[in-house]
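Colleague: Next input, structure requested:
(one chain, ligands or ions: 2)
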Amino acid sequence: MTTQPHARLKSPSPRSRSHGDASSPDEVTLSIDAERTAWNWKAVALVLVGIALTSAGHYLTPRDFRLWHGVFQRLYYLPVVYAAIAFGWVGGLAAALLAGILYIPHIVTTWQHEHHYAMEQYAEIFMFLAVGIVTGVLSDRERKRSAELQLTAQKLGQVYRELQDTFEQVKRADRLSAIGQLAAGLAHEIRNPLASIDGAAEVLDVAGDRPELRKETASIIRKECSRLNRLLTSLLDFARPRRPEWREVDLSRVLDSVIDLVSHSAGKGIRFHKETVRGIPRLLGDEEQLTQVVMNLTLNAAQAMPEGGDVWLTTKQEDDGIEIQIRDQGAGIPEENMDKIFDPFFTTKDTGTGLGLSVVHQIVSQHGGTVTVTRNQNKGMTFSLFFPQSRGDLA
Ligand SMILES: Nc1ncnc2c1ncn2[C@@H]1O[C@H](COP(=O)(O)OP(=O)(O)OP(=O)(O)O)[C@@H](O)[C@H]1O
Ligand SMILES: [Mg+2]
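Modeller: Ligands and ions are numbered 1, 2, ... in the order given. Take a look at the predicted model:
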């Protein structure tokens, strides 16, 4: 099981969902119409000038220059197509009609004797109309599509901003809830030793000249004080972790020093074994903090075996990093506790603070590593720490 901090996600409130709702498709159509009615006078003038100049070309060019008349006839398409693109099918149709109206008198006056040629020119006027309408419809469609795309982009932007808002809210709520949990845990942890000290003070009051009772009570007070002291030290480690001092750490030496320290406090029947291969590259990290991590895990392993047993401390070179494992033969962690063991103040021990694994998690994360817990096949648990090799940037 890999432990990762959990984030409780809240769905956005209906208020925030409706807030700034982007416009509907009906509004898109409206905005296209509004755009079309906002006449672009420059474009209108260009279309009118184009049609006027082409017509002038027809009227001013002598009949014999048939080739030029052919050119002018086709030149009408330019303003018609431009009007269709600028103002849609209405604009295209209007420009084609205007071109036709100006062109017809010229056909009637100049080409009435050439019936066949005149018919061809009338047919061309129908082509103006067809081209104006078709181009206009296509341009309308294009305009609508680009407006819809714009609207989608706006909506996406809105959704993105709302998501960011929600994320910030969740982060704030999570921080507040973490502070609340921490305060509740701390109050609980302090209340027990305080009650013991209070009780001991009452006993001292009535102990009179019974030296044995006084001695026993004083020792209870001292024990509870040292428990409070330990709690505060761990709490400070957890709440205000110092920044790692990056050095090359000899892991073999770390394991030796932990075994040395823990052997003194561990019960008699507990044996510690170090398994490490030669040539393990030195890990870049804070030696004191890494020692504390291995120490917390080794103490847990030892405390899980009140009847005695073996604890293995192993370092391994993997392809992409270094692994440290602490394996015990204890009773293991019940399934229902697996999700809680990294929570601050979670403990199943009478005198535990429940901060040991929280500190482990914090230090390992600061080192860019991960902690995983697995149940051994036969007995006990294995805590594995993995530190990726390429962490030059962290240093
Ligand atoms: N190797 C292990 N075997 C069985 N249970 C474990 C092991 N390691 C941790 N636990 C469980 O996880 C709990 C939390 O451990 P953690 O180290 O955070 O606190 P603690 O050991 O109870 O208190 P402290 O570390 O202050 O002495 C322990 O109380 C224990 O129930
Ligand atoms: Mg512990």
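Colleague: which residue packs closest to residue 367, ignoring adjacent ones?
Modeller: Nearest residue to residue 367 in three dimensions, chain neighbours excluded: residue 285, at 5.0 Å (Cβ to Cβ, 6 or more residues apart in numbering). Backbone N, C-alpha and C define where each C-beta goes, glycine included.
Colleague: what's that neighbour sitting at in phi/psi?
Modeller: Main-chain torsions, residue 285, degrees, to the nearest 10: phi -180, psi -170.
Colleague: can you pull up the bridge partners for residue 311?
Modeller: Assessed by DSSP bridges, residue 311 has beta-bridge partners residue 272.
Colleague: what about residue 264, how many neighbours?
Modeller: 6 (other Cβ atoms under 10 Å).
Colleague: mind listing what's buried in the strand or helix carrying it?
Modeller: Element membership for residue 264, per DSSP states H and E: helix 251-265. Applying a neighbour-count criterion of 16 or more other Cβ atoms under 10 Å, one finds 251-252, 254-255, 258-259, 262 buried in helix 251-265.
Colleague: Also stretch 325-336?
Modeller: Using 16+ other Cβ under 10 Å as the burial criterion, the residues of stretch 325-336 that qualify are 325-330, 333.
Colleague: List, out of those, those positioned next to ligand 1.
Modeller: Among the buried residues of stretch 325-336, proximity to ligand 1 is found for 328, 330, 333 (Cβ under 6 Å from any ligand atom).
Colleague: For the stretch 1-150 of the chain, which segments count as strands?
Modeller: For the stretch 1-150 of the chain, applying DSSP state E, counting those that start in this stretch gives no strands.
Colleague: So, low pLDDT: which residues of it?
Modeller: Per-residue confidence of the stretch 1-150 of the chain (counting by pLDDT under 70) places the weak regions at 1-39.
Colleague: what do you get if the cut-off is 90, keeping everything else the same?
Modeller: Applying pLDDT under 90 to the stretch 1-150 of the chain flags the ranges 1-42, 63-64, 66, 110-117.
Colleague: Next to ligand 2, which bits of it? Give me the list.
Modeller: Within reach of ligand 2 by Cβ under 5 Å from the ion, the stretch 1-150 of the chain has no residues at all.
Colleague: For the stretch 1-150 of the chain, what lies in contact range of ligand 1?
Modeller: Proximity of the stretch 1-150 of the chain to ligand 1, by Cβ under 6 Å from any ligand atom, involves no residues.
Colleague: can you map out the helices along the stretch 1-150 of the chain?
Modeller: Assigned by DSSP state H, counting those that start in this stretch, the stretch 1-150 of the chain shows helices spanning 14-18, 25-37, 41-60, 66-75, 77-111, 115-207.
Colleague: and the residue nearest to residue 364 when sequence neighbours are not counted, what element?
Modeller: The shortest distance from residue 364 to any non-neighbouring residue, by Cβ to Cβ, 6+ apart, is to residue 371 (5.2 Å). Assigned by DSSP H and E, residue 371 belongs to strand 370-375.
Colleague: re the thing from before, want to throw the helices of the stretch 1-150 of the chain into JSON lines with distance to residue 277 and mean neighbour count?
Modeller: Converted to JSON lines, the helices of the stretch 1-150 of the chain look like this (distance: least, Cβ to Cβ, whole Å; neighbours: other Cβ atoms under 10 Å):
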{"stretch": "helix 14-18", "distance to residue 277": "56", "mean neighbour count": "10"}
{"stretch": "helix 25-37", "distance to residue 277": "68", "mean neighbour count": "12"}
{"stretch": "helix 41-60", "distance to residue 277": "80", "mean neighbour count": "15"}
{"stretch": "helix 66-75", "distance to residue 277": "87", "mean neighbour count": "15"}
{"stretch": "helix 77-111", "distance to residue 277": "76", "mean neighbour count": "20"}
{"stretch": "helix 115-207", "distance to residue 277": "40", "mean neighbour count": "14"}
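Colleague: Between those, which one is closest to residue 316.
Modeller: The closest of these to residue 316 is helix 115-207. By Cβ to Cβ, the value is 33.8 Å.
Colleague: Check which element follows that closest one along the chain.
Modeller: Counting by DSSP H and E, the element after helix 115-207 in chain order, helix or strand, is helix 211-239.
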